[in-house]
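Peer 1: mind folding the following:
(one chain, ligands or ions: 2)
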Amino acid sequence: MPLLEVSALSIHFGGVKAVQDVSFNIDAGVVYAVIGPNGAGKTTLFNLITGVYRPTHGDIRMDGETIAGRSPEALARRGVARTFQNLQVCMNMSALENVMVGAHLRLDRNLLKAALRFPSLARRDIELREEAAELMRFVGLADYLAARADAMPYGALKRLEIARALAMRPRLLFLDEPAAGLNPSETLEVDALVRRIADSGVTVVLIEHDMKMVMNLSDRILVLDYGRKLAEGSAAEVRRNPDVIAAYLGAHA
Ligand SMILES: Nc1ncnc2c1ncn2[C@@H]1O[C@H](COP(=O)(O)OP(=O)(O)OP(=O)(O)O)[C@@H](O)[C@H]1O
Ligand SMILES: [Mg+2]
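Peer 2: Ligands and ions are numbered 1, 2, ... in the order given. As a prediction, the model looks like this:
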């Protein structure tokens, strides 16, 4: 059974059919890319799957069970985490606290249990801090362990968001343009980071305009155009698909 099954998914905003009759499956363990021109519906698709929007039509199943319309919090507990196309970092908190927010999202339901189990919440706080620090090192932010978020450069904030998502211990991680606005060497670092995340056993779904990164990382690629599925397949299949070349890749070649 696929980890995620999306069937005939649609959402309409008034007259705008942002996602229209889109179906695909994602197997556990893959890196899955969603590509397409600006306005194709990529972020809207993420918003549907991660519980921000409720679909107008269609279904989304995880482990065979429908998750369409579930709240982002409920999905987080099932192992769905994401980053945002436009940074959503709390600038008045430290870098470490931003990552700890992810851990709290995962743990809040068990707060009472944890409070009973541990001698004090302070001890628990120390554990969460250590876990957050470890994730910051994992994403390459060891130099920012004591930093305030508002003192960090953009490229570091992009990785901070990834660390926060990882603090939710996801099985399924959605990354919306993790390399947008990064220079070529930062992009290579994010490319390597996504590989490390995938190698750690997390299934990664990636929206990205950087075709080199997409082709390098992806096991499978979904191409959206005007809200519809234009193509789906391996990188090699998608690259030679005439519809894709005409609608999208041609313009970038
Ligand atoms: N909440 C909303 N209300 C109305 N229209 C919306 C809403 N969200 C998205 N849209 C519209 O849906 C379409 C798809 O937008 P979306 O942000 O998903 O595109 P995208 O593929 O992520 O583009 P980009 O590459 O520029 O990020 C656009 O026409 C957008 O204006
Ligand atoms: Mg988008």
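Peer 1: using the record's assignment, carve the protein into domains.
Peer 2: 1-79+170-253, 93-167 (automatic domain parsing).
Peer 1: let's have these in TSV, adding mean pLDDT and distance to ligand 2.
Peer 2: Quick note: C-beta positions are derived from backbone N, CA and C, even for glycine. Formatted as TSV, the domains of the chain follow (pLDDT from 0 to 100; distance: least, CB to the ion, whole Å):
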stretch	mean pLDDT	distance to ligand 2
domain 1-79+170-253	94	3
domain 93-167	85	15
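Peer 1: would you turn the ones you listed into JSON lines with distance to Asn86 and mean neighbour count?
Peer 2: Output for these, formatted as JSON lines (distance: least, CB to CB, whole Å; neighbours: other CB atoms under 10 Å):
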{"stretch": "domain 1-79+170-253", "distance to Asn86": "9", "mean neighbour count": "18"}
{"stretch": "domain 93-167", "distance to Asn86": "10", "mean neighbour count": "17"}
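Peer 1: helix or strand for the spatially most central residue of the chain, which one?
Peer 2: Taking CA atoms, centre = their mean, the centroid of the chain lies closest to Phe174, which sits 1.6 Å from it. Element membership for Phe174 (DSSP states H and E) is strand 172-176.
Peer 1: and what of Ile221?
Peer 2: strand 220-225.
Peer 1: other SSEs contacting that strand?
Peer 2: Using 3 or more CB pairs under 8 Å, 6 or more residues apart in numbering; DSSP states H and E as the contact test, the elements touching strand 220-225 are strand 16-26, strand 31-35, strand 228-233, helix 235-239.
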